[in-house]
Every structure is written in C-alpha cells, then in structure tokens.
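Engineer: what follows is a predicted protein model with its sequence.
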Protein chains: 2
Amino acid sequence: MTPTVDELDVRLVELLAAEPRIGVLEASRRLKVARGTVQARLDRLVARGVIKGFGPELDPAALGYGVTAFVTLEIRQSGGHDPVAAHLSTIPEVLEAYTITGGGDLLCRIVARSNADLQRVIDEIVSYDGIVRASTLIALAEQLPYRTLPLVGKAARHG
Amino acid sequence: MTPTVDELDVRLVELLAAEPRIGVLEASRRLKVARGTVQARLDRLVARGVIKGFGPELDPAALGYGVTAFVTLEIRQSGGHDPVAAHLSTIPEVLEAYTITGGGDLLCRIVARSNADLQRVIDEIVSYDGIVRASTLIALAEQLPYRTLPLVGKAARHG
DNA sequence: CAATCACTGATCAGATTGCGCAGAACGACC
DNA sequence: GGTCGTTCTGCGCAATCTGATCAGTGATTG
C-alpha cells in the first residue's frame, strides 16, 4: 500500500499547524517548492480526508467551561445506542461520545462551568430514559493536550 | 462578568466553522457587517483565547490509525505525573492525556493501526517504570464526533 | 520506447489583505 | 445636557495573494 503521506506532506502539515494563517504562496516559499505543488498537495490531503478541515479551534475553558469530565454511561439494552446519541447531541456540554467495549456502554466527554454545573449536566444526561447509570471521572489536569502532529510524522516514516 | 462572546461572535464562529476557507471580506458580506468589524472580532476572539488556532484538523483514521482506545493508567505514587506525561508525549499514538479523579490516575486516548498494533502501543506505554497498570477500553464507534460549536451558542445565550 | 505523473517556473486577471481615517452610534459618567 | 471612550461603518490605497493555465523537464511504468 502506498503511504498515505510522504515527507513533503508532513512538512506541509507541520508548517500549517505552526503558522496556520500563512497562505499557499508563503508556504511554497518556506518549503522551497512551487506554489502549484503546495496547492496540489493540500487538495490531495483534503480529498483523502487526511485533513478534515481548517475550522477554528475553540477552547471551552475560555468560554467559561473550565471543568472537563469523562462520563461512562450504561445503556438499557433495548433501544440501542442511536436514540441515546441523539439525546446526547442535544446537550451542548457533551463534546463527544464513543461506544466502547464492555457491555454496550458509552464514554463521553463533557464540560461544565463548575462542579455544581457539572451536576446539572450529568442530570440532564441521565434524564434520558434509556440511560441506566452514569459514572463520572473528573479531569483534574490536562497532561497532554490533544495533538495529532506526531502521528503524521510516524505515518510518513512507516510508509 | 461580561459575556465572553456575543451574538455576532457566535455567528462569525459558526460561519467560519461551516466554511473555513472564506476570507474576512467574504465573511463580512455574509454577516452584513463592515470588514473591519469582522477583523476586530476575530482578533479579539483569538486574543481572548476563545479561538486557539486555525490549524489543519487531521484525521488519524485517514492516516491508517483506525483503532481508537481509552487507556486508564495507574501510576506509582512516588515520582508524580510529570515524568509519566513526558514519557507519553514521546509516543505519537498517544493523542491526549488527563489526570483524573480516583487515585492519581491518568486517562489517555490512543490510536493504533489495528488491534494487534494496539497491543504494541500499550506495551510501549506500560514499558515505563512509573506505570503500574493499564486498563484499556476500545472505542467501537464514534457516536458523537468532537464538537464545540453548540457550546459557543450556549455561552452567548447564557451571557 | 512511449505514456503517465508530479514538479517547476511563469503568466494573467481578479480578489483579498493590511492599514489608516473620518464620521456616526452607543452607553457610561459627571 | 455635555463629554468621553469604545465600537462600528464605509471608504480608499498599495501590496499581496489566489485560481487557473501552460509548456518544459525529470522520474516511473508497462
């Protein structure tokens, strides 16, 4: 299988990650390649889905949501996950949710304005009928902020 | 406390999230405000930290890392978390890590190319001296992809 | 060998950016 | 009521960037 990305792609992605606001032209200068090349590479990366988008990254903490928690939900067997996911999607504080191994449960990441507010959010979550139980882990500190850059380098080296 | 964001900020952020590649000028046309306003709002949002950046969002799955898992690490008491975090940061497959309530443990999100590869990653993680135990939850499906947009709207309404 | 593909370096018109400025609207304050 | 500070507007300019295209070149492949 052809490597998904090559060395130039990696340099391009890293450059864009470091200085997102530079344009294609500037990027081509930094990378010492023709502008068309950068344009083509970018298009290809987006087309392949390696780059999902360039949307603004929002910081919940800066919006006042300083408390992060991980909640494991136990689902009632009947009904399945989809209705539950639909319910979760209506709650803004639920940032993401995954089904995980171990009895058809869900793991979701939620945020809140305070510990008291966290209680409110959890109550809102468990208010749904199909949810049997919720167990919460509060995140105390972010030891390693979300990142994907090292992965690109590895993917390129791996081939 | 002054609301972190107002209604115009929300519309701006939502617009940028929907179509990240449009420029300031186009955004000002869509929002029916002056270009300078959009520029000022954007600068302010970035300065406040609400917008952390515009970097490319990478999809691990498109890079061949289709398996996601959440690993809870039990840390040896002495030594603290920092050395462990440093160790984790050297492993590209570890995308993020949080300290969580419940005995000084760590929760981290990792990815791998396959279940077999997952074993390799976990081995690499636990190879570190300060880690006593690791328990893994494999993500079966992404019920709710990571999102923060609804939160902005809520933050604005809340005031 | 010929075809295919990616990269280069260049051109072009049109659009966008960064920047500054004067005026108007708004709320806060005295 | 008057004044100030802030924000938004609408405008203009020079400089830059974009999207598109084209011919030439080197590498790879069948």
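Structural biologist: All right, it came through fine. Numbers count the residues shown, from 1 in each chain, chains lettered A, B, ... in the order given.

Engineer: can you tell me the SS state at residue A:13?
Structural biologist: helix (DSSP: H, G, I helix; E, B strand; the rest coil).

Engineer: how close does residue A:36 get to residue A:140?
Structural biologist: 49 Å (C-beta to C-beta, to the nearest Å). For glycine as for every other residue, the C-beta is placed from the backbone atoms N, C-alpha and C.

Engineer: likewise for residue A:129?
Structural biologist: Residue A:129 is 32 Å from residue A:140, by C-beta to C-beta.

Engineer: what does residue A:106 give?
Structural biologist: Distance from residue A:106 to residue A:140, by C-beta to C-beta: 22 Å.

Engineer: please apply the same query to residue A:33.
Structural biologist: From residue A:33 to residue A:140 the distance is 45 Å (C-beta to C-beta).

Engineer: and what of residue A:69?
Structural biologist: Look at residue A:69 and residue A:140: by C-beta to C-beta, they are 10 Å apart.

Engineer: what's the longest strand in chain A?
Structural biologist: Determined from DSSP state E, the single longest strand within chain A is strand A:131-144.

Engineer: now the residue of chain A found nearest DNA strand D. Its backbone dihedrals?
Structural biologist: Of all residues in chain A, the one sitting closest to DNA strand D is residue A:23 (2.3 Å; C-beta to the nearest atom of the strand). Here is the backbone geometry of residue A:23 (degrees, to the nearest 10): phi -90, psi -180.

Engineer: ok, residue A:35 next?
Structural biologist: Residue torsions, per degrees, to the nearest 10, at residue A:35 are phi -60, psi -40.

Engineer: next, give phi and psi for residue A:105.
Structural biologist: phi -100, psi 170.

Engineer: picking that back up, neighbour count: residue A:129 and residue A:140, which is higher?
Structural biologist: residue A:140 (16 against 11; other C-beta atoms under 10 Å in any protein chain shown).

Engineer: does residue A:78 count as helix, strand or coil?
Structural biologist: Classified using three-state DSSP, residue A:78 is coil.

Engineer: roughly how far does it sit from residue A:132?
Structural biologist: For residue A:78 relative to residue A:132 (C-beta to C-beta), the value is 11 Å.

Engineer: and the two? which has more neighbours close in?
Structural biologist: More neighbours surround residue A:132 than the other of residue A:78 and residue A:132, with 12 against 6 (other C-beta under 10 Å).

Engineer: doesn't residue A:157 make contact with residue A:6?
Structural biologist: No - counting by C-beta atoms under 8 Å, residue A:6 stays clear of residue A:157, with 10.4 Å between them.

Engineer: which positions in chain A make contact with DNA strand D?
Structural biologist: A:23, A:24, A:25, A:26, A:35, A:36, A:39 (C-beta under 7 Å from any atom of the strand).

Engineer: now which of the residues you listed would you call buried?
Structural biologist: residue A:24 (16 or more other C-beta atoms under 10 Å in any protein chain shown).

Engineer: just flag the most distant two among the residues of chain A next to DNA strand D.
Structural biologist: A:26 and A:36 (14.5 Å; C-beta to C-beta).

Engineer: could you confirm whether stretch A:48-63 reaches DNA strand C?
Structural biologist: No - under the criterion of C-beta under 7 Å from any atom of the strand, DNA strand C is not reached by stretch A:48-63; the shortest gap measures 11.6 Å.

Engineer: got the CA positions of that stretch in CSV?
Structural biologist: What follows is stretch A:48-63, C-alpha atoms only, in CSV (Å, rounded to 0.1, in the frame of the first residue of the first chain):
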residue,chain,number,x,y,z
ARG,A,48,-8.1,11.9,1.0
GLY,A,49,-9.6,13.1,4.2
VAL,A,50,-6.3,13.3,6.0
ILE,A,51,-7.1,17.0,6.6
LYS,A,52,-10.7,17.2,7.8
GLY,A,53,-10.9,20.9,7.8
PHE,A,54,-9.4,24.2,8.9
GLY,A,55,-12.1,25.3,11.2
PRO,A,56,-11.4,27.5,14.2
GLU,A,57,-10.4,25.5,17.3
LEU,A,58,-12.4,26.7,20.2
ASP,A,59,-11.3,26.5,23.8
PRO,A,60,-14.2,25.6,26.1
ALA,A,61,-12.2,26.9,29.1
ALA,A,62,-12.0,30.3,27.5
LEU,A,63,-15.8,30.2,27.1
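
Engineer: what residues sit buried inside that stretch?
Structural biologist: So for stretch A:48-63, counting by 16+ other C-beta under 10 Å, buried means A:50, A:51, A:53, A:54, A:55, A:56, A:57, A:58, A:60, A:62, A:63.
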